[in-house]
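Colleague: take this sequence and fold it.
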Amino acid sequence: MYWKTDRSWYVVNHDADRFELTKLAPPRAIDSFRLYLEENNLPTDPLPINYHRETENVE
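Modeller: Residues are numbered from 1 along each chain as shown. Next comes the predicted model:
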């Protein structure tokens, strides 16, 4: 799971009970995240990207 190698690339949305990418995630992390969603039978459209958070991680 390449997308989880940098904490600034994702946040945990506890209200929606899911991970969301941040706008800092590079294309390779986005591809990795999409694969993670597909392998876990989670919706990929729209891709959960949180454009309002940059590096804040709420865990």
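Colleague: beta partners of the spatially most central residue of the chain?
Modeller: Nearest to the mean C-alpha position of the chain, by Cα atoms, centre = their mean, lies Leu21 at 2.8 Å. Listed beta-bridge partners, Leu21: Tyr10, Ile49 (assigned using DSSP bridges).
Colleague: does it touch Pro48 like I think?
Modeller: Yes - counting by Cβ atoms under 8 Å, Leu21 touches Pro48, with 6.9 Å between them. To be clear about C-beta, it is placed using only N, CA and C from the backbone, and glycine gets the same treatment.
Colleague: ok, Tyr36 - contacts?
Modeller: Met1, Trp3, Leu42 (Cβ atoms under 8 Å, 6 or more residues apart in numbering).
Colleague: quick revisit: distance-wise, check the residue nearest to the centre of the chain relative to Pro27.
Modeller: 11 Å (Cβ to Cβ, to the nearest Å).
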